[in-house]
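*Asks:* Below is the structure, and that's it, no one-letter string:
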Ligand code: CTP
């Protein structure tokens with residue numbers, strides 16, 4: 001005879017199928033919570049999505065906070081809840097663009113008549129509507145409102161318009177309403193919304209840019225840098241410990257070399273100063289091979305004058321005090337102590353040089369506080385632009401084929417979707433060419 005075991009009995013409220021969990025695992029959902037009585041159900045929606053292994057970020061409207069507290073969502077998602085378009089905290093300054101692009105799918109639940117109307121007309125007067133306008137991903141709406149509001153031609157027209165723009169809808173259900181009436185307008189149950197999310201994710205969720213704007217994003221930079229001299233540093237540096245050993249880092253040089261290639265394709269004369277990498281020299285560049293940071297420093301100064309300097313190399317910050325002979329174990333019980341000496345900062349040197357190029361661009365490889373650390377580098381090193389990327393243990397930037405960056409200038413931050421290093425190189429060179437035009441660099 002079988003006995004009921006409370007720990008192993010399937011709990012009705014925890015029923016997410018294996019297939020569902022598989023389909024949603026590691027998907028990133030941006031949930032926008034509107035101000036409706038059904039907001040409490042969105043807590044359960046978050047819980048179910050998390051059970052399936054999906055990452056959930058939450059944006060709340062001001063009205064939503066009248067129904068459920070941000071703390072409830074923050075506890076369930078274990079991440080901050082976003083609610084302000086203009087926030088004093090630096091990491092949130094980019095949130096409307098970054099949030100809207102980082103997700104695989106946007107979900108609006110509950111989608112009130114007001115939120116639907118504002119999204120349909122392209123209003124962006126708070127974080128939720130700004131994210132909805134700025135996103136390049138599909139949005140799934142779970143409407144929730146009184147039946148008269150739902151039945152109103154204005155609401156129906158707004159919904160048709162959003163569908164024309166590529167939006168998806170789940171529900172509403174018909175049933176008893178909080179206001180005591182009966183009819184269509186109840187937000188779908190969380191389980192149903194999870195199924196709709198799963199179905200939406202089976203298809204491409206990236207929204208194409210309307211045809212007439214596609215050329216604005218194309219990276220046809222042909223001849224955009226004609227007549228300009230561009231100096232690029234790339235790869236790691238090796239710092240000798242003794243005649244046979246060295247200190248290095250994981251940089252592959254793929255990003256720097258791709259940028260040099262993109263600059264050549266844009267018609268520039270390119271000097272590529274490359275640390276030790278396992279890559280062929282890009283065609284059409286003058287490639288100078290160096291080993292150490294000091295060699296790279298000297299080569300960069302020698303390459304001036306230039307119009308544009310792009311410091312992509314992962315330069316070793318320290319070198320070891322010179323040792324002429326191979327360090328031997330000699331039966332000594334303790335390991336040898338290495339004395340480290342700080343290397344010159346190539347980027348800062350070039351940016352403060354009397355021959356300063358018109359545009360100096362650096363990279364920032366960070367494992368924490370990405371944006372604030374990158375901003376500090378922009379100022380400290382005197383650059384015009386910093387390309388910030390996260391090189392933490394979970395990122396595959398070093399050695400990988402893709403990159404996920406934020407472009408930081410004194411004007412602000414622009415976050416780019418993850419893309420191949422070569423696509424990033426083309427786009428960066430396009431941006432640099434536009435910047436040169438704007439600055440009148442001839
Ligand atoms: N850089 C440089 N010379 C150095 C160190 C770094 O030119 N000695 C350049 C890199 O090419 C990059 C930028 O400075 O464009 C930032 O490099 P990063 O390694 O992110 O930072 P660091 O300056 O080394 O500072 P920290 O290691 O403290 O983050």
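*Replies:* That came in fine, so what should we check first? The structure presented is a predicted model; accordingly, all values stated were derived computationally and were not measured.
*Asks:* From here on, just use CA atoms for contacts and neighbour counts.
*Replies:* OK.
*Asks:* Kindly report the residues of the stretch 51-200 of the chain close to the ligand.
*Replies:* Within the stretch 51-200 of the chain, no position is adjacent to the ligand by C-alpha under 6 Å from any ligand atom.
*Asks:* Okay, and residue 140 sits in which element?
*Replies:* For residue 140, the host element (DSSP states H and E) is strand 139-143.
*Asks:* Low-confidence ranges, the stretch 51-200 of the chain, go.
*Replies:* For the stretch 51-200 of the chain, applying pLDDT under 70 flags the ranges 86-96.
*Asks:* and residue 239, what are its phi and psi?
*Replies:* Here is the backbone geometry of residue 239 (degrees, to the nearest 10): phi -110, psi 120.
*Asks:* Who does it form a beta bridge with?
*Replies:* Legend: beta-bridge partners of residue 239 under DSSP bridges are residue 247.
*Asks:* Next up, the contacts around it.
*Replies:* Residue 239 is in contact with 246, 247, 248, 291, 292, 293, 316, 318, 319, 320, counting by C-alpha atoms under 8 Å, 6 or more residues apart in numbering.
*Asks:* Of the residues you listed, grab the buried ones for PyMOL.
*Replies:* To isolate in PyMOL the members of the contacts of residue 239 that are buried, counting by 16 or more other C-alpha atoms under 10 Å, one can use:
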select buried, resi 248+291+292+293+316+319+320
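*Asks:* ok, which stretches of the stretch 101-250 of the chain are helices?
*Replies:* Ranges of helices in the stretch 101-250 of the chain, per DSSP state H, counting those that start in this stretch, are 113-120, 127-134, 147-151, 153-164, 190-201, 214-217.
*Asks:* So which bits of the stretch 301-442 of the chain are right by the ligand?
*Replies:* Residues of the stretch 301-442 of the chain lying close to the ligand by C-alpha under 6 Å from any ligand atom are 311-317, 343-347, 362-365.
*Asks:* 5 Å - rerun?
*Replies:* Counting by C-alpha under 5 Å from any ligand atom, the stretch 301-442 of the chain comes close to the ligand at 311, 312, 313, 315, 317, 345, 346, 347, 362, 363, 364, 365.
*Asks:* Tell me where the model's unsure across the stretch 201-350 of the chain.
*Replies:* Low-confidence segments of the stretch 201-350 of the chain, defined by pLDDT under 70: 211-222, 332.
*Asks:* Sheet-wise, list the partners of the strand holding residue 140 with their directions.
*Replies:* Short version: by DSSP bridges, strand 139-143 pairs with strand 105-111 (parallel), strand 168-169 (parallel).
*Asks:* and the angle from it to helix 127-134?
*Replies:* Angle between the axes of strand 139-143 and helix 127-134 is 140 degrees (criterion: axes from the mean of the first three to the mean of the last three C-alpha atoms, to 10 degrees).
*Asks:* in the stretch 251-400 of the chain, which spans are helices?
*Replies:* Going by DSSP H, counting those that start in this stretch, the stretch 251-400 of the chain shows helices at 254-265, 293-303, 346-351, 370-380.
*Asks:* what's the distance between the second one and the middle of its chain?
*Replies:* Per C-alpha atoms, centre = their mean, to the nearest Å, the displacement of helix 293-303 from the mean C-alpha position of its chain is 32 Å.
*Asks:* Output the contacting helices and strands for it.
*Replies:* Contacts defined by 3 or more C-alpha pairs under 8 Å, 6 or more residues apart in numbering; DSSP states H and E place helix 293-303 against strand 229-234, strand 269-274, helix 346-351.
*Asks:* Dump those to TSV, plus mean neighbour count.
*Replies:* Shown next, in TSV, are the helices and strands packed on helix 293-303 (neighbours: other C-alpha atoms under 10 Å):
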stretch	mean neighbour count
strand 229-234	27
strand 269-274	26
helix 346-351	21
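*Asks:* Any idea which of the ones you listed gets closest to residue 396?
*Replies:* For residue 396, the closest of the helices and strands packed on helix 293-303 is strand 229-234, at 17.3 Å, according to C-alpha to C-alpha.
*Asks:* got the angle between the closest one and helix 293-303?
*Replies:* Per the same axes, to 10 degrees, the angle that strand 229-234 makes with helix 293-303 is 170 degrees.
*Asks:* neighbouring contacts of strand 229-234?
*Replies:* 253-257, 259-260, 263, 268-275, 296, 300, 303, 305-314.
*Asks:* List the pairing partners of that strand within its sheet, with orientation.
*Replies:* In the sheet, strand 229-234 lines up against strand 269-274 (parallel), strand 308-311 (parallel) (DSSP bridges).
*Asks:* Now tabulate these in CSV and tack on distance to residue 80.
*Replies:* Compiled in CSV, the strands paired with strand 229-234 are given as follows (distance: least, C-alpha to C-alpha, whole Å):
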stretch, distance to residue 80
strand 269-274, 41
strand 308-311, 34
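*Asks:* Tell me what the residue in the stretch 101-250 of the chain that the ligand sits nearest to is bridged to.
*Replies:* Relative to the ligand, the nearest point of the stretch 101-250 of the chain is residue 233 (6.8 Å; C-alpha to the nearest ligand atom). Beta-bridge partners for residue 233, by DSSP bridges, are residue 273, residue 311.
*Asks:* so where do the strands sit in the stretch 1-150 of the chain?
*Replies:* Counting by DSSP state E, counting those that start in this stretch, the stretch 1-150 of the chain has strands at residues 28-33, 55-60, 81-82, 105-111, 139-143.
*Asks:* Residue 189: which of those is closest?
*Replies:* Nearest to residue 189, of these and by C-alpha to C-alpha, is strand 139-143 at 9.4 Å.
*Asks:* from the middle of its chain, how far away would the closest one be?
*Replies:* 24 Å.
*Asks:* Just want the angle from it to helix 153-164.
*Replies:* 160 degrees.
*Asks:* And for strand 139-143, what's in contact with it?
*Replies:* The contact list for strand 139-143, computed with C-alpha under 8 Å, 6+ apart, reads 105-113, 132, 166-172, 185-188, 193, 197, 200.
*Asks:* Buried subset of those, written for PyMOL?
*Replies:* This is the PyMOL syntax for the buried subset of those, where burial follows 16+ other C-alpha under 10 Å:
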select buried, resi 105+106+107+108+109+110+111+112+113+132+167+168+169+170+171+172+185+186+187+188+193+197+200
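*Asks:* Show me which positions of the strand holding residue 140 end up buried.
*Replies:* Within strand 139-143, the residues that qualify as buried are 139, 140, 141, 142, 143, counting by 16+ other C-alpha under 10 Å.
*Asks:* one step back: single out the most deeply packed of the helices of the stretch 101-250 of the chain.
*Replies:* For the helices of the stretch 101-250 of the chain, the largest average neighbour count (mean count of other C-alpha atoms under 10 Å) is found in helix 127-134, namely a mean of 22.
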